[in-house]
Each structure stands twice: as C-alpha cells, then as structure tokens.
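Participant: After the sequence you'll find the predicted model.
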Amino acid sequence: MLLIEALGSALLGLALSGAAVRALAQRLPSPRMVLVSGVSGALFGAYLTHTALGPGHNTLLATFTGGVLVSAVVLSLLLRPAQLPGRPSPRTPFSVPTRG
C-alpha cells in the first residue's frame, strides 16, 4: 500500500508541475527545477499525511490529497512576479550600485 501511495503521489506531483510549466513558463525558473520540486513536494506531502493520519486510518484519497496540496504550495513558492510591459526590470536584490 505504501508503494502505491508513493508512486501515485509522485505521478500527481509530476502532472501538477507539468501543468504549471505549461501554463506559467515565463514566471517559473527552469522546468527541471519545477518538475523536481513538484514531485518532491508531493512525496513529502504524502509522507506527512500518512504520518498524521496514523495506523488504521490511512486512506489512499487522503494521502493523495495531502501530496497534491503540499506540491501546490511548493510550486507557488517558485513563482516570480509578472513583468508589466513598459516597466524596467527591477534591480537584483542585495546588489551594490557600481561607481562609474
């Protein structure tokens, strides 16, 4: 049962991160990083849900839901602000102005 939960959560995380790459490619970092983050977030969410429910109360649907929710949160942390047309790009954070 644990193997099914892990594989199912990994596939759901991969599907969610693939959809995010297709829909929000310009606001996300490299696709490889997004895919790895989505899958690892789903696996961690499934583990967390499985542990929180405890023995005897592990349902497959609840574990998948926990995995997808944590994966969505991890992917939302990767989003960058949208660039508005006509505005210059902001300076990199913590950059020191050069003299010259």
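Facilitator: It's in.
Participant: Every contact and neighbour count from this point should use C-alpha atoms.
Facilitator: Fine.
Participant: give me every residue that touches the most centrally placed residue in the chain.
Facilitator: Most central in the chain under Cα atoms, centre = their mean is L75, positioned 2.7 Å from the mean C-alpha point. Residues in contact with L75 (Cα atoms under 8 Å, 6 or more residues apart in numbering) are S17, A20, V34, S37, G38.
Participant: ok, it to L16 distance?
Facilitator: Counting by Cα to Cα, to the nearest Å, the gap from L75 to L16 is 9 Å.
Participant: quick one: contacts for the nearest residue to V68 once chain neighbours are set aside?
Facilitator: Spatially, and ignoring its direct neighbours in sequence, V68 is nearest to A42 (5.6 Å; Cα to Cα, 6 or more residues apart in numbering). By Cα under 8 Å, 6+ apart, the contact set of A42 is S9, A10, L12, G13, G66, G67, V68, L69, V70, S71.
Participant: Now V68: which helix or strand?
Facilitator: Here V68 sits within helix 60-77, counting by DSSP states H and E.
Participant: I misspoke; the intended subject was V39.
Facilitator: helix 31-53.
Participant: mind checking how far that helix is from the chain centre?
Facilitator: Centroid separation for helix 31-53 versus its chain: 8 Å, with Cα atoms, centre = their mean, to the nearest Å.
Participant: on that earlier part again, quick check: angle from the helix holding V68 to helix 31-53?
Facilitator: Here helix 60-77 points in a direction 140 degrees away from that of helix 31-53 (axes from the mean of the first three to the mean of the last three Cα atoms, to 10 degrees).
Participant: Same question for helix 60-77: list its buried residues.
Facilitator: 60, 63-72, 74-75 (16 or more other Cα atoms under 10 Å).
Participant: So, low pLDDT: which residues of the protein?
Facilitator: 84, 86-93, 95, 97, 100 (pLDDT under 70).
Participant: now do 90
Facilitator: Per-residue confidence for the chain (pLDDT under 90) gives these ranges: 1-2, 54-59, 80-100.
Participant: still on that earlier bit, can you tell me how far the residue nearest to the centre of the chain is from A23?
Facilitator: For L75, the distance to A23 (Cα to Cα) stands at 12 Å.
Participant: about what we covered before: so what sits against both of L75 and L16?
Facilitator: With Cα under 8 Å, 6+ apart as the test, L75 and L16 both reach G38.
Participant: Perfect, that will be all.
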